[in-house]
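*Asks:* Here is my input, please return the structure:
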Amino acid sequence: MKEVIMSLVAGILVGIVFKFLKLPIPAPPVFSAVVGIFGVYFGGVIVDWITKLIHHS
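*Replies:* Numbers count the residues shown, from 1 in each chain. Okay, the predicted model is just below:
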């Protein structure tokens, strides 16, 4: 849980700095970002699942 809070705080700080400097926010649109994060996570889960399946055969 500590990592999640630290990630959130770091993201908020980066967002504040970029807005303060009047730079575009370095993040994709919200829905695309969330879908991309889930895709990366599930890709890792699939590889773990396939690896376990191969090793148990």
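*Asks:* per-residue confidence at the residue most central in space within the chain?
*Replies:* The structure's the chain has its C-alpha centroid closest to Ile37; by Cα atoms, centre = their mean the separation is 4.5 Å. Per-residue pLDDT puts Ile37 at 85.
*Asks:* same check, this time on Leu21
*Replies:* 94.
*Asks:* Checking Gly36 next. Helix, strand or coil?
*Replies:* helix (DSSP: H, G, I helix; E, B strand; the rest coil).
*Asks:* Not counting its neighbours along the chain, what's nearest it?
*Replies:* Using Cβ to Cβ, 6 or more residues apart in numbering and skipping residues adjacent in sequence, the residue nearest Gly36 is Pro28, 7.0 Å away. Heads up, the C-betas are built off the backbone N, CA and C, glycines and all.
*Asks:* Met1 versus the one you found, what's the distance?
*Replies:* 25 Å (Cβ to Cβ, to the nearest Å).
*Asks:* Looking at these two, which has the bigger crowd around it?
*Replies:* Pro28 (11 against 5; other Cβ atoms under 10 Å).
*Asks:* quick one: the more buried one from Val14, how far?
*Replies:* Counting by Cβ to Cβ, the gap from Pro28 to Val14 is 14 Å.
*Asks:* Check His55 too.
*Replies:* From His55 to Val14 the distance is 40 Å (Cβ to Cβ).
*Asks:* Comparing the two, which residue is more hemmed in?
*Replies:* Taking neighbours as other Cβ under 10 Å, His55 and Val14 compare with Val14 leading, 13 against 7.
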